[in-house]
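A.B. asks: what follows is a predicted protein model with its sequence.
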Amino acid sequence: QQPVQSPQAVILREGEDAVINCSSSKALYSVHWYRQKHGEAPVFLMILLKGGEQKGHDKISASFNEKKQQSSLYLTASQLSYSGTYFCGTELSGSARQLTFGSGTQLTVLP
Amino acid sequence: EAQVTQNPRYLITVTGKKLTVTCSQNMNHEYMSWYRQDPGLGLRQIYYSMNVEVTDKGDVPEGYKVSRKEKRNFPLILESPSPNQTSLYFCASSKLATGELFFGEGSRLTVL
């Protein structure tokens, strides 16, 4: 079951903040976040495990709300290099590493 | 250098002509997986493998086969390609303990 990402696209100015959401109708074991720049392979950002945790590095952080089966990716004071398509991937509880990705959120940061 | 290598990177073929896309990783990862990427649909998992001789279907396995005879290799086989298999394919691998996927550069396949 593919997770639902929102918004589908967002345009920001440098320095602005953004939030990307990922939700599932089924119980999740983990949520993965990846960023893909045009013409390149996806690159890992972070994994969050059930238990309701929060993670971050630099100005990109994420949370996982186990009760709502929802994760949010927070991009703070965005930089031009943050542009790309962000994908969340979800593992269902008991699914043994079957990772299903959402359809992606296209983020454009303008100078 | 730690990497996932896919070949070929680009391929144009005709309907029904069997082809194999190879994938090799040099990081001793247990887990390997194949995805296809189509506009608006994101990355869809085709097959995955958690170890040698262990493979499982992902969300879109129809028309594909895989094998995992060695830990480092995970080839994707299209026995009789059809135009709806025209797509960008990614192979990825990870350690089971961490789950962080490392992706290959992608293979763009066109089936005429």
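C.D. replies: Alright, I've got the coordinates.

A.B. asks: hey, let's count contacts and neighbours off CA atoms from now on
C.D. replies: Will do.

A.B. asks: nearest spatial neighbour of the residue of chain A found nearest chain B, skipping sequence neighbours?
C.D. replies: The minimum distance from chain A to chain B, using CA to the nearest CA, falls at A:Ser103 (3.9 Å). If you skip the residues right next to it in sequence, A:Ser103 has B:Gly42 as its closest partner in space, 3.9 Å away by CA to CA, 6 or more residues apart in numbering or on different chains.

A.B. asks: sorry, back to before: thought the residue of chain A closest to chain B was touching B:Gln37?
C.D. replies: No - the pair formed by A:Ser103 and B:Gln37 falls short of the contact definition of CA atoms under 8 Å, at 9.5 Å.

A.B. asks: pLDDT averaged over stretch A:84-103 - what is it?
C.D. replies: The predicted model gives stretch A:84-103 an average pLDDT of 87.

A.B. asks: tell me who's in contact with B:Pro8.
C.D. replies: B:21-22, B:107 (CA atoms under 8 Å, 6 or more residues apart in numbering or on different chains).

A.B. asks: which of A:Ser103 and B:Gln37 has more residues huddled nearby?
C.D. replies: Neighbour count, other CA atoms under 10 Å in any protein chain shown: between A:Ser103 and B:Gln37, A:Ser103 has more, with 25 against 18.

A.B. asks: contact partners for the more buried one?
C.D. replies: In this structure, A:Ser103 makes contact with A:4-5, A:87, B:40-43, judged by CA under 8 Å, 6+ apart.

A.B. asks: so which of the residues you listed belong to strands?
C.D. replies: For the contacts of A:Ser103, membership in strands holds for A:4-5, A:87, B:42-43, with DSSP state E as the criterion.

A.B. asks: A:Ser6 contacts A:Cys22, correct?
C.D. replies: Yes - in this structure, A:Ser6 sits in contact with A:Cys22. The criterion is CA under 8 Å, and the distance is 6.6 Å.

A.B. asks: sweet, I'm off.
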